[in-house]
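Engineer: this one's sequence-less:
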């Protein structure tokens, strides 16, 4: 069965210097159930696109003072996920030109509205399938948190951003206490349910769309905190540990670290790990101590 598209999640921006064509196009796309805005002044279009409200752009390629191909290129730079349809009545433009500019598809005027409707639906479904595959590749299936590979990718990105924006960045590492004994006593199925519950607890304790939580290892978890210093990280870490104890019935040790000037991801993780070992009462061997600043 074909996946159903939630039309309420889609918002179109139509750009053309022909007001009559814009009106017909807007009426048709609105009639199909989509939200639609239109722009008859292409020079203002990029300001609208930059707001990030639109998931779909339909753009004429030849307009006064504006190159439609360049407009599509700039739109994709501002909003990489936006779907773009290039439309034109001129033979000088080719399908391959539009695709190279970043367009999702290409239509030559005049075209049937039924063709446009079908192409829109296909583009949305293909985008959604690609996003689902991407989500699966970066998500831990058991807990629903991001996985270890995504942790390292995001941490590198956030270190660059924190250095550029001059804001604090902190890392929390958590390790469940006596998880092996829990598994031995209650079985691996119960252990999986516990990890799933811990993941949900983590998600409820952090700022949504700001901080991010990860399954770092078997029973180890990590939280990347943006614009948060070590005091904030310590406070949030304790709140997480208390919530895990209350909701999941297990204790969690935690270690934290704040990014310092010149510190890379490896050094930040090493500092958080050293503090985690200290919280667990583990004494590092000399060679391990040297590798953990």
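Structural biologist: Nice, I can see it. Here the structure is a predicted model, which is why all the values come from computation and not from measurement.
Engineer: so where's the stretch 151-293 of the chain uncertain?
Structural biologist: Within the stretch 151-293 of the chain, the segments meeting pLDDT under 70 span 282-293.
Engineer: residues touching the residue lying closest to residue 176 once chain neighbours are set aside, list them.
Structural biologist: Distance criterion C-beta to C-beta, 6 or more residues apart in numbering; nearest residue to residue 176, sequence neighbours excluded, is residue 219 at 4.2 Å. All C-beta spots, glycine's among them, are computed from the backbone N, C-alpha and C. Under the criterion of C-beta atoms under 8 Å, 6 or more residues apart in numbering, the neighbours of residue 219 are 175, 176, 179, 195.
Engineer: surely the last one is in contact with residue 141?
Structural biologist: No - Residue 195 is not in contact with residue 141 according to C-beta atoms under 8 Å; the separation is 11.0 Å.
Engineer: ok, the two, which is more surrounded?
Structural biologist: More neighbours sit around residue 195 than around the other of residue 195 and residue 141, counting by other C-beta atoms under 10 Å; the figures are 22 against 8.
Engineer: how close does the closest residue to residue 103 other than its chain neighbours sit to residue 253?
Structural biologist: Counting by C-beta to C-beta, 6+ apart, the nearest residue to residue 103 once its immediate chain neighbours are dropped is residue 86, at 4.3 Å. The spacing between residue 86 and residue 253, counted by C-beta to C-beta, to the nearest Å, is 56 Å.
Engineer: who has more neighbours, these two?
Structural biologist: In this comparison of residue 86 against residue 253, neighbours counted by other C-beta under 10 Å, the higher total goes to residue 86 at 26 against 20.
Engineer: pLDDT score for that one?
Structural biologist: Taken from the predicted model, the pLDDT recorded for residue 86 is 96.
Engineer: show the backbone phi and psi for residue 167.
Structural biologist: In this entry, residue 167 is assigned phi and psi values of phi -120, psi 160 (degrees, to the nearest 10).
Engineer: brain fart, residue 109
Structural biologist: The phi and psi torsions at residue 109 (degrees, to the nearest 10) take the values phi -70, psi 150.
Engineer: what about the residue nearest to it when sequence neighbours are not counted, how many residues close to it?
Structural biologist: Excluding the flanking residues, the one nearest residue 109 by C-beta to C-beta, 6+ apart is residue 89, at 3.7 Å. By the criterion of other C-beta under 10 Å, residue 89 has 15 neighbours.
Engineer: repeat that for residue 82.
Structural biologist: 19.
Engineer: cool, and residue 231?
Structural biologist: Applying other C-beta under 10 Å, we find 12 other residues in the vicinity of residue 231.
Engineer: with residue 64 instead?
Structural biologist: Residue 64 has 8 neighbouring residues, counting by other C-beta under 10 Å.
Engineer: do residue 181 as well
Structural biologist: Neighbouring residues of residue 181 were enumerated by other C-beta under 10 Å; the total is 9.
Engineer: then the one 5 residues further on?
Structural biologist: Residue 186 has 12 neighbours, counted by other C-beta under 10 Å.
Engineer: who touches it in this structure?
Structural biologist: Residues in contact with residue 186 (C-beta under 8 Å, 6+ apart): none are found.
Engineer: how about it, phi and psi?
Structural biologist: Summarising the backbone geometry of residue 186 under the convention degrees, to the nearest 10, its torsions are phi -110, psi -10.
Engineer: and what of residue 176?
Structural biologist: In terms of degrees, to the nearest 10, the main-chain angles of residue 176 are phi -70, psi 140.
Engineer: I figured it hits residue 252, correct?
Structural biologist: Yes - Residue 176 is within contact range of residue 252, at 5.4 Å (criterion: C-beta under 8 Å).
Engineer: now do the shared contacts for those two.
Structural biologist: 198, 244.
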